[in-house]
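Visitor: no sequence on hand, only this structure:
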């Protein structure tokens, strides 16, 4: 139960800070924070369904690919953009895509943020 609480708190924090970054037009930061929120929400879902937290991105991707293809598709689509955030200047459109995908994950997983 403690791990669930910590993951949920981290997701909330990443989302709050991502929204602040969008408001500040710091889109690279927003995308990075949104991706972290995506990963944490998915880890929370995996913890609830599978009883463990993946130890790294590779383990997370492999599990999602075989058991939860919708979540895999969302994460796989966004991972390259997250990686590019280190090298490119991203814009608000990217942040909006991540925000929309967060909503899809919340809907699919049934995770309550409030």
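Guide: That came through fine. Model, not experiment: these values are computed from the prediction.
Visitor: poorly predicted segments of the chain, please.
Guide: Along the chain, the model assigns pLDDT under 70 to no residue.
Visitor: which stretches of it form helices?
Guide: 2-23, 27-50, 57-67, 69-84, 92-109 (DSSP state H).
Visitor: which of these sits most buried?
Guide: Stretch with highest mean neighbour count among these: helix 27-50 (a mean of 21; mean count of other CB atoms under 10 Å). In this view, the C-beta of every residue, glycine as well, is placed from N, C-alpha and C.
Visitor: need the distance between the two termini of stretch 42-59.
Guide: 12 Å (CA to CA, to the nearest Å).
Visitor: closest to the centroid, which residue in this structure?
Guide: residue 38 (0.8 Å; CA atoms, centre = their mean).
Visitor: how far away is that residue from residue 70?
Guide: According to CB to CB, to the nearest Å, residue 38 stands 13 Å off from residue 70.
Visitor: cool, residue 48 as well?
Guide: With CB to CB as the criterion, residue 48 and residue 70 are 16 Å apart.
Visitor: what's stretch 26-34 in contact with?
Guide: Stretch 26-34 is contacted by residues 14-15, 17-19, 21-22, 81-82, 85, 88-92, 94-95, 98-99, 101-102 when judged by CB atoms under 8 Å, 6 or more residues apart in numbering.
Visitor: check stretch 98-110 too.
Guide: 15, 18, 22, 30-31, 34-35, 37-38, 41-42, 44-45, 70-71, 74, 77-78, 81, 111, 113.
Visitor: and it, how far from the chain's centre?
Guide: For stretch 98-110, the separation from the chain centroid amounts to 9 Å (computed by CA atoms, centre = their mean, to the nearest Å).
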